[in-house]
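Student: Can you look at this prediction? I've put the sequence above it.
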Amino acid sequence: MPPAAQERLDRIEQVLQPQREELLAHPVYGRIGDAAALRTFMQYHIFAVWDFMSLLKALQTRLTCVQVPWLPTENQLGRRLVNEIVLGEESDEDGNGGFCSHFELYQASMQQIGADGYLIERFLQRLEQGRDVTASLYEADLPRPIVQFVTNTFDLIATDNLCAIASGFTYGREDLLPGVFQKIVQQINSELKGSASRFVFYLERHIELDGEQHGPMAHRLLSHLCGDDDDKWQAAEDAALRSLEARKLLWNGMLEALA
């Protein structure tokens, strides 16, 4: 990576550091030590798993050709990076000799621990019926923190600013989650033993993939897209800040639900 690009990435990380530290020290992790609390946490958090895939697909549709007839797109490096991330997120090993998306793996984790999936199912049913995301959020009568978080994600997608979307994906997800998930793994292993083994597999898989592969690829993609354009880098920084703020609001909402 060119030194100038690394300097830009370093600046964003410096700006984000207070928010990152706040998220990594959030009290919500200490509240999910029993099965009932973890069930509630997962009922909220699965929406962040779902809309992560929408962020990723927003990048894929802009950087690759996903229609017929196929035509080559201009950004060769971008399409390579995003397609490789899609492979891992949409068709990963499921821990049982098969393959599934991380969203489906999360659903299986919820089933193992007995977390009710009615909130996400009610929302997805409306999408399947052809309703748009905003209408589905409100018609499904979802808790306000979920609505706020998903709305922020889709507002970001709606900007159609490729650098902003890539930054929200990088700093709001791939860069942040290994540290966040490590906190959750420690809590679950300490308090719940083997009763949430599927969820621990999901978390550890993300720690491995995001920390070692997808995180570095996301940083490289963002650097490639922004180049030496000051306006693009500013859009990336703004989107990163908004993404971490949205995560904090979701965590705060879950903490209230666990009170």
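Tutor: That came through, no problem.

Student: Mind listing residues that contact the strand or helix carrying residue 215?
Tutor: Per DSSP states H and E, residue 215 falls inside helix 215-226. Contacts with helix 215-226, where a contact means CB atoms under 8 Å, 6 or more residues apart in numbering, come from 1-2, 5-6, 8-9, 59, 75, 77-78, 81-82, 84-85, 162-163, 166-167, 169-170, 173-175, 178, 232-233, 236. Every C-beta, even on glycine, is put in place using the N, C-alpha and C of the backbone.

Student: after it comes which helix or strand?
Tutor: From helix 215-226, the next helix or strand downstream (DSSP H and E) is helix 230-257.

Student: Report the residue spans of the stretch 51-200 of the chain with pLDDT below the cut-off.
Tutor: 193 (pLDDT under 70).

Student: which residue ranges form the helices in it?
Tutor: For the stretch 51-200 of the chain, the helices defined by DSSP state H, counting those that start in this stretch occupy 76-90, 102-113, 118-128, 133-139, 144-158, 162-169, 177-191, 197-209.

Student: Thought residue 146 was touching residue 249, still the case?
Tutor: No. Counting by CB atoms under 8 Å, residue 249 sits too far from residue 146 to count as a contact (10.3 Å).

Student: Looking at the two, which one has more neighbours?
Tutor: Remark: of residue 249 and residue 146, residue 146 carries more neighbours, 24 against 15, as counted by other CB atoms under 10 Å.

Student: show me what contacts the nearest residue to the more buried one once chain neighbours are set aside?
Tutor: Excluding the flanking residues, the one nearest residue 146 by CB to CB, 6 or more residues apart in numbering is residue 47, at 4.9 Å. Contacts of residue 47 were listed using CB under 8 Å, 6+ apart, and they are 119, 120, 123, 142, 146, 149, 150.

Student: ok, now residue 37?
Tutor: Neighbouring residues of residue 37 by CB under 8 Å, 6+ apart: 31, 258.

Student: Same question for residue 135.
Tutor: Contacts of residue 135 (CB under 8 Å, 6+ apart): residue 126.

Student: buried residues in the helix holding residue 215?
Tutor: 215, 217, 218, 219, 220, 221, 222, 223, 225, 226 (16 or more other CB atoms under 10 Å).

Student: Which residue in the residues you listed has the weakest pLDDT?
Tutor: Of all the buried residues of helix 215-226, residue 215 carries the smallest pLDDT score, 92.

Student: how far away is that residue from residue 206?
Tutor: To residue 206, residue 215 is 10 Å away according to CB to CB, to the nearest Å.

Student: Mind listing the shared neighbours of those two?
Tutor: In contact with both residue 215 and residue 206: residue 178, using CB under 8 Å, 6+ apart.

Student: mind checking pLDDT for the closest residue to residue 228 other than its chain neighbours?
Tutor: If the residues on either side of it in the chain are set aside, residue 228 comes closest to residue 4, at 6.5 Å by CB to CB, 6+ apart. Residue 4 is assigned a predicted lDDT (pLDDT) of 78.

Student: now swap in the one 5 residues further on and tell me
Tutor: On pLDDT, residue 9 comes in at 93.

Student: Show me which positions of the host helix or strand of it end up buried.
Tutor: Element membership for residue 9, per DSSP H and E: helix 3-24. Residues 5, 8, 9, 12, 16, 19, 20, 23 are the ones in helix 3-24 that count as buried (16+ other CB under 10 Å).
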